[in-house]
Every structure is written in structure tokens, then in C-alpha cells.
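*Asks:* okay, predicted coordinates and the sequence, questions at the end:
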Amino acid sequence: MSAKLRVLSCCIIAVLGQVAHATEGGGSTYPLGAENYMSGAMPPPGFYGQVFSTHYEADTLRGNDGDSLPVDFRVRANVIAPRLIWVSEQQLFGGNLAFAALFPFVDLRVEVNGQSQSKKGLGDIIFGPALGFHHSDKLHSIFALDFIAPSGEYDRGDLANIGRNYWTVEPVWAISYVDPAGLNASVKLMYDFNQENPATDYRSGQEFHFDYAVGWGLGNGWVLGVGGYYYRQTTDDRQDGETIDDNKGRALSIGPSIMYSNQEGWFLTAKWEQETQVRNRAEGDAYWLKLTVPF
């Protein structure tokens, strides 16, 4: 099947609005670009709440050569995703053991060649354990193993879906350098092992991606810089035991990124990302807010 026909027949939306035709429906179970500054810095033991909020829009589909495909296409997604975090006193291999769970609530609209569909509801939940390490007062890292559950609504015949209908296992390594009056840099690296969608007998390829942020602390709680994500599909998709060639996804995003934090332990990050270097996926823009507060 050609790349163009795959777009027309498989324009299914993943949680947080990533769409096109690499991997099944062109989406990813992880919300690319969600993290920002401090992604590798685990807080002290206790309970914490985070809220992610994003608006994503795209009206261009890119093929395997990077050219725009002749499809009348538009996707819009608004998401609010609370995340609960418990950092325990328990030490393992020198790091603090923690657990987290994220619950995305999605408002999605898709338009393709004159047809449209909207959906609202709970998307695919992300949960798992983590270990947080503090190498110095400025350098921190986290190892985690996330599980992404097929909890979002899915129908193989629908144009818009807020769930992927398959499990994903995602090892994570994040590292952050934090200086209130100097360099601030964070990167969160992830690798996705996707399971088969039982409704379609389709298994999306494995995916490597990372969120990043680099900025400068002004010494008054503010950090100014840039952030985004890099994404690359590493193995081919398979359906009914057959390999699907020439549809691996690729993308890079970059845009301004800021953070404000205070002495009470809460912080707010915001960024705008513009996607570029896109292959076999949608190309658009995302706006992100992330608030972290201790309970």
C-alpha cells in the first residue's frame, strides 16, 4: 500500500493529537514534547501533583520524502493531564523509589477530505516506578519504567481515536542540571516497545525519542531558553505478519521555553514547539504548560 493510501485509510489519532501514517495511524502512545526543565530532578520524599496542559494543531501531512501530501487534513487537540507522584523514603541502589501515574483527558477533533469527527474523554494512562538520584546539588537523574495502558476509547472504524488500543513498555532515563543563576539543561530519553493492536493485528514499530530543554537561570526564579523533542521510529511496522516498508516516522521540534519556581517547592513551565524535519507524520505546533506543586 502506498504512503498516500495509508494516510487516507489509517488517519487515526493517538492520545495528545499526534497523527499521520508512521506507526499505526501515525501516532505515539507517549505525548511527545511534554517534559521541560527539571525532568530529571526528583523532588524530596512526599506526595506531589502535576498538571500538564497542551493545545496541538496540525494541517499538514508529510510523506516519506518530507513533501506535503495532497490531503485536506486538520487536527486539533486540547488536553489536561493530571499526574500524581509519590516519592518514598525507600532507597534502592542509592536512589529514592517513587511511583507516578498520569491521566490524560482529551478533547479531539479531526477533519480529513470533508469528513470530520470529535471525541472527548480519558486517554491512555501512563504509570510506573522510578528511581531518583542526586549526584550533586545541581546534577540529578531518574531511571524509570513506564507502562502505557490502552484505557482510551478506540474503534477501528473511527476517524478520531483518543486511545491506541495496545500496551507500550517504555524505559526512561532523564538527567537535569539545575542552577538558579546559570545553566539549566534537561533531557528525558525514552524507548518504546509497542505491543500488537488486537483489533487490527497491527504492531507499530519501536520508537526512540527525547524531550529536551536548555536555558539560563536569572537568579530570581526565572529560567529562559528553548525546548522541544526529537523523535525517530527505529523498526518497521508489521501487520498480519508482514513488514510495512518506507513508513518510519521522524520529527524534531523546537521553540521558546520558560520556567518560574519559588522557595516553597512549586514551579511552572511553559513552551511553544514548532515541528520540523517531519517524515510520515503530521506537522504542526504545540503549546504546553506544566505545573508542579507539593501536597
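*Replies:* Sure thing, it's come through.
*Asks:* can you report how many residues lie near the nearest residue to residue 262 once chain neighbours are set aside?
*Replies:* Spatial nearest neighbour of residue 262, chain neighbours left out: residue 221 (5.8 Å); criterion: C-beta to C-beta, 6 or more residues apart in numbering. The C-beta positions use only the backbone N, C-alpha and C, and glycine is treated the same way. For residue 221, the neighbour count with other C-beta atoms under 10 Å is 14.
*Asks:* distance of residue 221 from residue 75?
*Replies:* Note on residue 221: its distance to residue 75, by C-beta to C-beta, to the nearest Å, is 36 Å.
*Asks:* then residue 265?
*Replies:* Using C-beta to C-beta, residue 265 is found at 36 Å from residue 75.
*Asks:* the stretch 51-200 of the chain: strands as residue ranges?
*Replies:* Assigned by DSSP state E, counting those that start in this stretch, the strands in the stretch 51-200 of the chain fall at 73-92, 95-102, 105-112, 115-122, 126-134, 139-148, 168-177, 183-194, 196-197.
*Asks:* ok, and what's touching the last one?
*Replies:* Just to be clear, that refers to strand 196-197. Residues from elsewhere that reach strand 196-197 (C-beta atoms under 8 Å, 6 or more residues apart in numbering): 24, 164-166, 202-204.
*Asks:* what would those look like in a markdown table with pLDDT and distance to residue 89?
*Replies:* Shown next, in a markdown table, are the contacts of strand 196-197 (pLDDT from 0 to 100; distance: C-beta to C-beta, whole Å):
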| residue | pLDDT | distance to residue 89 |
| --- | --- | --- |
| 24 | 84 | 42 |
| 164 | 95 | 35 |
| 165 | 96 | 38 |
| 166 | 97 | 36 |
| 202 | 94 | 44 |
| 203 | 95 | 40 |
| 204 | 95 | 39 |
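*Asks:* which of those sits closest to residue 87?
*Replies:* Ranked by distance to residue 87 (C-beta to C-beta), the contacts of strand 196-197 are led by residue 164 at 28.8 Å.
*Asks:* can you pull the contacts of residue 45?
*Replies:* 87-89, 96.
*Asks:* hmm, 6 Å instead?
*Replies:* By C-beta atoms under 6 Å, 6 or more residues apart in numbering, the contact set of residue 45 is 87, 89.
*Asks:* next: residue 126.
*Replies:* 102, 146, 148.
*Asks:* okay, now the last one: neighbour count?
*Replies:* By the measure other C-beta under 10 Å, the count of residues near residue 148 is 25.
*Asks:* separation between it and residue 257?
*Replies:* 24 Å.
*Asks:* phi, psi of the residue nearest to residue 262?
*Replies:* With angles defined as degrees, to the nearest 10, residue 221 sits at phi 100, psi -10.
*Asks:* residue 258 is in contact with that one, correct?
*Replies:* No: between residue 221 and residue 258 there is no contact under C-beta atoms under 6 Å: 10.9 Å.
*Asks:* can you tell me how far the residue lying closest to residue 142 once chain neighbours are set aside sits from residue 246?
*Replies:* Distances taken as C-beta to C-beta, 6+ apart place residue 174 nearest to residue 142, at 4.6 Å, with adjacent residues excluded. To residue 246, residue 174 is 32 Å away according to C-beta to C-beta.
*Asks:* more crowded one of these two?
*Replies:* residue 174 (24 against 14).
*Asks:* bridge partners for residue 53, pull those for me.
*Replies:* residue 80, residue 289 (DSSP bridges).
*Asks:* test my guess that it contacts residue 289.
*Replies:* Yes: contact criterion C-beta under 6 Å: residue 53 and residue 289 qualify, at 4.5 Å.
*Asks:* now do the phi/psi pair for the residue nearest in space to the middle of the chain.
*Replies:* In the chain, the C-alpha nearest the mean C-alpha coordinate belongs to residue 31, at 2.0 Å (C-alpha atoms, centre = their mean). Torsion angles at residue 31 (phi, psi; degrees, to the nearest 10) stand at phi -80, psi 90.
*Asks:* residue 246 too?
*Replies:* Per-residue torsions, residue 246: phi 60, psi 40 (degrees, to the nearest 10).
*Asks:* contacts only, for it.
*Replies:* Applying C-beta under 6 Å, 6+ apart, the residues near residue 246 are residue 64.
*Asks:* any idea how far residue 279 is from it?
*Replies:* Distance, residue 246 to residue 279, by C-beta to C-beta: 10 Å.
*Asks:* so for residue 265 and residue 75, which residue has more residues nearby?
*Replies:* Per other C-beta under 10 Å, whichever of residue 265 and residue 75 has more neighbours is residue 75, with 24 against 13.
*Asks:* show me what the more buried one is bridged to.
*Replies:* residue 58, residue 110.
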